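Chemist: here is a sequence together with a model predicted from it:
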Amino acid sequence: MEWRIVTRLPRTALKNPAPASKQKLPPLKESDIQKQIKEFLQWHGWFVFKNHQSLGSYLGIADLYALRAGRSVWIEVKTPTGSQSADQKQFEADVVTHGGEYYVARSVEDVTFLGRR
């Protein structure tokens, strides 16, 4: 008596997958970018916290606030295709009018200059 082992694989398993360099990664969400920026700045000695828009808070308040050695920075995080709302633009104008620093960051690379001592 002869035995044969037969397995059935889905047809997709038989196809060669694209090499890792050609695989398309899903786009980063704004929350992912915020987390990367927050961790990068904390690693470089900044005190950073995320602002949550809630009832009674300033409309358009930036996503992140960072403080180090008396320097305070407001950071609005956007995806590569995101844009500021009218309230966010007004908040930026208010911060700049009062001598503060405000940046729109679309990736952690946009704030690497803050990591320099």
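Modeler: Done, it's in.
Chemist: name the nearest residue to the spatially most central residue of the chain, sequence neighbours excluded.
Modeler: Nearest residue to the geometric centre of the chain (CA atoms, centre = their mean): residue 33, 1.0 Å. Take residue 33 and drop its neighbours on the chain: the residue closest to it by CB to CB, 6 or more residues apart in numbering is residue 77, 5.2 Å away. The C-beta positions use only the backbone N, C-alpha and C, and glycine is treated the same way.
Chemist: list the contacts of the one you found.
Modeler: Each residue near residue 77 by CB atoms under 8 Å, 6 or more residues apart in numbering is listed here: 30, 33-34, 37, 63-64, 104-106.
Chemist: any of the residues you listed buried? List them.
Modeler: For these, a neighbour count by 16 or more other CB atoms under 10 Å gives the buried set as 33-34, 37, 63-64, 104-106.
Chemist: okay, and which of those residues map to helices?
Modeler: Those of those mapping onto helices are 33-34, 37, per DSSP state H.
Chemist: rounded mean pLDDT for stretch 55-70, please.
Modeler: Mean pLDDT, computed over stretch 55-70, is 93.
Chemist: which positions within that stretch qualify as buried?
Modeler: Across stretch 55-70, burial judged by 16+ other CB under 10 Å covers 60-66, 68.
Chemist: kind regards, and thank you for your time.
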